[in-house]
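1. return a 3D structure for these sequence lines:
(2 chains)
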Amino acid sequence: AQKVTQAQTEISVVEKEDVTLDCVYETRDTTYYLFWYKQPPSGELVFLIRRNSFDEQNEISGRYSWNFQKSTSSFNFTITASQVVDSAVYFCALSAPGANSKLTFGKGITLSVRP
Amino acid sequence: DTGVSQDPRHKITKRGQNVTFRCDPISEHNRLYWYRQTLGQGPEFLTYFQNEAQLEKSRLLSDRFSAERPKGSFSTLEIQRTEQGDSAMYLCASSSVTGGFGYTFGSGTRLTVV
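-> Numbering: from 1, shown residues only, chains lettered A, B, ... in the order given. All right, here's what the predicted structure looks like:
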């Protein structure tokens, strides 16, 4: 069975602070995919990143960076110099390869960035 | 293409009534998924179609729930005899077999059962 744990439930920071959102996963699959999604108040899930289990390189996209560590089953997400527009709920998700590719989500982390 | 469309955006219904939601996926996507998201939780998988075939249903999908995808295009999710516990956001997503595992989600239908 697959499981995603996002132990942090709510985080509040002041604009321009850096913030890291933690994600720990469990799976018996040797090949899998990890995702981060952003859910703003409008409700739509916005895709941020997909990472293959064989690719442990960290990734940076603008102010966003992701740290994938297979040894600790973690896929953490850092926002550098946070902005008010980053306020949202962030979900980490896990998928096994195969025909259905269904996602298993964590409970999400509510990030509030104060001006 | 404007993405995945869901209709309606909001639905308020009385307990015991039937409701139907519609999802229009991205036109070239042959996979379509339904998820349910309750307050404070992440989305949970309900069911999945590849073209018109419903290939998997979650245990969450009780007998009161039925999903269809005629002709492999749009999909409908019907809930019969709604209960207060059905109140949730119902999210639809689509993806392409050849496009890897990149999902596109719709904005969801928020159901409130009173």
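2. contact partners of stretch B:26-38?
-> Contacts to stretch B:26-38, defined as C-beta atoms under 8 Å, 6 or more residues apart in numbering or on different chains, come from residues A:101-103, B:1, B:3-4, B:23, B:25, B:43-51, B:60, B:67, B:69, B:72, B:75, B:77, B:87-97, B:99, B:103-104, B:108. Where you see a C-beta, it was placed from the backbone N, CA and C, and this is true even at glycine.
3. again with stretch A:8-24
-> Outside stretch A:8-24, the residues touching it (C-beta under 8 Å, 6+ apart) are A:4-7, A:34, A:36, A:72-84, A:90, A:92, A:106-107, A:109-115.
4. give me the buried subset of those.
-> A:4, A:6, A:34, A:36, A:73-79, A:82, A:90, A:92, A:106-107, A:109, A:111, A:113 (16 or more other C-beta atoms under 10 Å in any protein chain shown).
5. isn't B:L55 up against B:F49?
-> Yes - under the criterion of C-beta atoms under 8 Å, B:L55 makes contact with B:F49 at 6.8 Å.
6. ok, the two, which is more surrounded?
-> Between B:L55 and B:F49, B:F49 has the larger neighbour count (other C-beta atoms under 10 Å in any protein chain shown), namely 23 against 12.
7. quick check: bridge partners of that one?
-> B:L32, B:Q54 (DSSP bridges).
8. what sits against it?
-> Here B:F49 is in contact with B:R31, B:L32, B:Y33, B:L55, B:A67, B:R69, B:G72, B:S75 (C-beta under 8 Å, 6+ apart).
9. the fifth one: what's it in contact with?
-> This points to B:A67. With contact set as C-beta under 8 Å, 6+ apart, B:A67 has these partners: B:W34, B:L46, B:T47, B:F49, B:Q54, B:L61, B:S75, B:T76, B:L77, B:E78.
10. chain B contacts on chain A?
-> Within chain A, the positions near chain B by C-beta under 8 Å from any C-beta of the partner chain are A:4, A:33, A:35, A:37, A:42-47, A:50, A:91, A:93, A:95, A:97, A:99-108.
11. just the buried residues out of those, in PyMOL syntax.
-> To isolate the buried members of the residues of chain A next to chain B in PyMOL, using 16+ other C-beta under 10 Å:
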select buried, chain A and resi 4+33+35+37+43+44+45+50+91+93+95+100+101+102+103+104+105+106+107+108
